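Student: pasting the sequence and the predicted model now:
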Amino acid sequence: MPQILQAQPLGFPDTDDLRFLPEGPIPLGDGRFSWVGIQHGSEAKTGSLNVFDLATKKNQRYDLPGRPGFAFPIAGTTKFIVGLERSLGYFNTADQSWEVIVDGIDQDVTNTIINDGVMIGDNVVFGCKDLEFATKKAGLYFFRGRDKELITLRNDQICSNGKAVIQRDDELVLFDIDSPTRTIVQYTLDIDAGTLSEPTVVLDLTDDPAVPDGMVLTPDQSGFIVAMFHPGDVQDGETRWYDRASGELRCVWQTAKSRQNTCPALVPVGDRLKLVITTAVENMSGADVEKCPNAGQIFVGETQW
């Protein structure tokens, strides 16, 4: 039987706009992490980059000129590389400037925007989502940092979400979630050629009522920690740790009265790693929110690491 742990809500975000769709927490050092508010309401066309301090419970918000899918810090600078709408660029928190690197992403289709990604050195693998969550038309891309080249890897995703990468012998292995498939697949990624192998399913959740969303690896890379977005009539949410080799469910972090978990991150706090889990209000009715009053809050769970 898996271990069951209770993650604790932070009481934050405490405004409707920031609670709508928090995602993409990234550790920034001891007790600090960044995260993105993808959009600030069901009709909103803008979102934000945020930096939260667990010790002080203070959040620094930077409003962005569009909807961000991800934001990764650039080490040694005040810049983040951000996927925003259909552009990849740098946002500088020092002067709040926005510099586009690549524009016109997913330009061959309509009604898609950039969603989740993973940074590999100075490279980024990221995908887009169909805003109607219906059609296999969104792209999966590889941005190669050394020559600023954007390479299309796939053009048939619906809602590209959690990603992780490991080095295996002399090759890179990419783990990827296209949420509506309810599977985690793996590819071999060739950085020099900018190509992917054919996918292999490594975790099949097609019979699960919840949808896999964001994902990180355990510190020893032997497991997936997956945020589960549950669209049904339940109160509590789950973020799950699966063994990568066997698929065994090892641990569940429950998020009380918040069923739509979106992304996990392992954040150092002193000599321990805490599990930060973002959750969302997106698509919930007023009655749903009454049943799930913690929806949209960020949770923190204990770990063995």
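Tutor: Cool, the structure landed.
Student: okay, strands next: where are they in the stretch 51-200 of the chain?
Tutor: Applying DSSP state E, counting those that start in this stretch to the stretch 51-200 of the chain gives strands spanning 58-63, 68-73, 79-84, 87-92, 97-102, 112-120, 123-130, 138-144, 149-157, 160-168, 171-178, 183-190, 195-196, 200-204.
Student: make TSV from those and add mean pLDDT to it.
Tutor: Formatted as TSV, the strands of the stretch 51-200 of the chain follow (pLDDT from 0 to 100):
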stretch	mean pLDDT
strand 58-63	98
strand 68-73	98
strand 79-84	98
strand 87-92	98
strand 97-102	97
strand 112-120	97
strand 123-130	97
strand 138-144	97
strand 149-157	96
strand 160-168	95
strand 171-178	95
strand 183-190	96
strand 195-196	94
strand 200-204	98
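Student: so which of those is nearest residue 262?
Tutor: Evaluated over these, closeness to residue 262 peaks at strand 160-168, with 8.7 Å, by CB to CB. For glycine as for every other residue, the C-beta is placed from the backbone atoms N, C-alpha and C.
Student: could you check the angle the closest one makes with strand 149-157?
Tutor: Per axes from the mean of the first three to the mean of the last three CA atoms, to 10 degrees, the angle that strand 160-168 makes with strand 149-157 is 120 degrees.
Student: tell me the strands beside strand 160-168, with direction?
Tutor: strand 171-178 (antiparallel) (DSSP bridges).
Student: quick one: the partner strand to strand 138-144, angle?
Tutor: Using the same axes, to 10 degrees: strand 171-178 against strand 138-144 is 150 degrees.
Student: contacting residues around strand 171-178?
Tutor: Contact with strand 171-178 is made by 116, 118, 120, 125, 127, 140, 157-167, 183-191, 196, 199, 202, 212-213, 215, 217, 224, 226, as judged by CB atoms under 8 Å, 6 or more residues apart in numbering.
Student: kindly report the same for stretch 1-16.
Tutor: Under the contact criterion CB under 8 Å, 6+ apart, stretch 1-16 has outside partners 19, 22, 37, 41, 52, 54, 57, 59, 239-241, 249-256, 258, 275, 277, 281, 294, 296-302.
Student: export that stretch as PDB, just CAs?
Tutor: Provided in PDB are the C-alpha atoms of stretch 1-16 (Å, rounded to 0.1, in the frame of the first residue of the first chain):
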ATOM      1  CA  MET A   1       0.000   0.000   0.000                       C
ATOM      2  CA  PRO A   2       1.300   3.500  -0.800                       C
ATOM      3  CA  GLN A   3       2.100   5.900   2.000                       C
ATOM      4  CA  ILE A   4      -0.600   8.600   2.400                       C
ATOM      5  CA  LEU A   5       0.600  12.100   3.500                       C
ATOM      6  CA  GLN A   6      -1.300  15.300   4.000                       C
ATOM      7  CA  ALA A   7       0.100  18.400   2.300                       C
ATOM      8  CA  GLN A   8      -0.800  21.600   4.000                       C
ATOM      9  CA  PRO A   9      -2.300  24.700   2.400                       C
ATOM     10  CA  LEU A  10      -0.300  27.900   2.700                       C
ATOM     11  CA  GLY A  11      -3.400  30.100   2.800                       C
ATOM     12  CA  PHE A  12      -2.000  31.600  -0.400                       C
ATOM     13  CA  PRO A  13      -2.800  32.800  -3.100                       C
ATOM     14  CA  ASP A  14      -5.500  34.800  -1.400                       C
ATOM     15  CA  THR A  15      -6.900  36.600  -4.500                       C
ATOM     16  CA  ASP A  16      -9.200  35.200  -7.200                       C
END
